[in-house]
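Q: Dropping a prediction and its sequence here:
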Amino acid sequence: MSWIREEGKINENVYLFDSFLFAQKQSMACYLVKGSKKIALIDASGKQEGKTIAKKIKQLNLEPDFLILTHSHWDHADGTLNIKKIFPNIEVLVSRIGVQTLKNAEEFNKGFSDFAPKSKPITDVSPLKDEDIIDLGDIELKIFETPGHTNCSLSVLDQKNKILFTGDSFGYPMSEKLFIAPIMPPEFSKENLLNSIKKISTVNFDSICIAHFGCLRDEFARDFLDQAEKKLNFWLDFLLTRYKQNPSKDYIVAEIMKYLNQIGLTGVQVEILSNMFGDWLIKGLQTAGLI
């Protein structure tokens, strides 16, 4: 299968956990990489979802040594404190920029929206930088700084299995028809994102595991970065064109809803996605100075 979207073991070393963000299946994935000596959990999801993830890991009689946060947004970092309650010895790792972002959560909250919970400060974290190696024994995880979505965004390469964990760095392919670009507040940068796409295009990987949602293989993985750049340009053009026509949020949300209907999405999902992403994408453009 070219797109793994079900919770469970991906291979001998890697597990996919569905955090059920917003109480929705396949809305947020956390990944666990088990080496011969140590274990790393990638992302913590939201506050309550972090507790769910930790309990699932506990049921497998596993105990992660590291928690790697791909960036500081609430849906990736807010579960940290609940995970630490269940695994008190876990070491939390985030990009060097993310260390300060997590400490100053109140400031980070200002750029987001009412659709996002208000994050609380997270301290006692260790910094990561480009090309750092996290040694799990028979597996080494290599760190790449991939800013654009946020200034603190990271991607993590499992060098043994050639799996790249990207968090939200390059976007959200939510289905074969819908790929949302990561134009989110409060730190989106088109220039940084394009540079990160170019940087990761030189990395040797066979699979890409994304937070929203699942692991892409074969042609999906090979095409991912090209799609990320194309969809970034598509969404920027889509949003900026409509903003010039009518800058009201209601109009842009309605236009997103129309687009989602055109590609075959229906029902409550369309309304939720349109309102949520409409709000976030507009704020992302505002904080980037594009509108």
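A: All right, it came through fine. Numbers count the residues shown, from 1 in each chain.
Q: So residue 161 sits against residue 34, correct?
A: No - counting by CB atoms under 8 Å, residue 161 does not reach residue 34; the two are 11.1 Å apart. From N, CA and C alone the C-beta is placed, and that goes for glycine too.
Q: Which residues are in contact with each of these two?
A: 13-14 (CB atoms under 8 Å, 6 or more residues apart in numbering).
Q: Show me which of the two is the more surrounded one.
A: Neighbour count, other CB atoms under 10 Å: between residue 161 and residue 34, residue 34 has more, with 20 against 17.
Q: For this structure, which segments are assigned as helices?
A: 47-59, 74-77, 80-86, 96-103, 105-110, 190-200, 218-245, 249-262, 268-287 (DSSP state H).
Q: Adding distance to residue 152 and mean pLDDT, write those helices out as JSON lines.
A: Below are the helices of the chain laid out as JSON lines (distance: least, CB to CB, whole Å; pLDDT from 0 to 100):
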{"stretch": "helix 47-59", "distance to residue 152": "18", "mean pLDDT": "93"}
{"stretch": "helix 74-77", "distance to residue 152": "10", "mean pLDDT": "89"}
{"stretch": "helix 80-86", "distance to residue 152": "14", "mean pLDDT": "95"}
{"stretch": "helix 96-103", "distance to residue 152": "3", "mean pLDDT": "93"}
{"stretch": "helix 105-110", "distance to residue 152": "10", "mean pLDDT": "69"}
{"stretch": "helix 190-200", "distance to residue 152": "11", "mean pLDDT": "98"}
{"stretch": "helix 218-245", "distance to residue 152": "19", "mean pLDDT": "96"}
{"stretch": "helix 249-262", "distance to residue 152": "27", "mean pLDDT": "95"}
{"stretch": "helix 268-287", "distance to residue 152": "15", "mean pLDDT": "88"}
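Q: Let me have these in a markdown table, extended by mean neighbour count.
A: Output for the helices of the chain, formatted as a markdown table (neighbours: other CB atoms under 10 Å):
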| stretch | mean neighbour count |
| --- | --- |
| helix 47-59 | 19 |
| helix 74-77 | 26 |
| helix 80-86 | 19 |
| helix 96-103 | 20 |
| helix 105-110 | 15 |
| helix 190-200 | 17 |
| helix 218-245 | 16 |
| helix 249-262 | 16 |
| helix 268-287 | 18 |
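Q: can you name the farthest residue from the center of this structure?
A: For the chain, the residue at maximal distance from the C-alpha centroid (CA atoms, centre = their mean) is residue 245, at 31.0 Å.
Q: who's in contact with it?
A: Contacts for residue 245 (CB under 8 Å, 6+ apart) come out as residue 251.
Q: try it again with 10 Å
A: 251-252, 255 (CB atoms under 10 Å, 6 or more residues apart in numbering).
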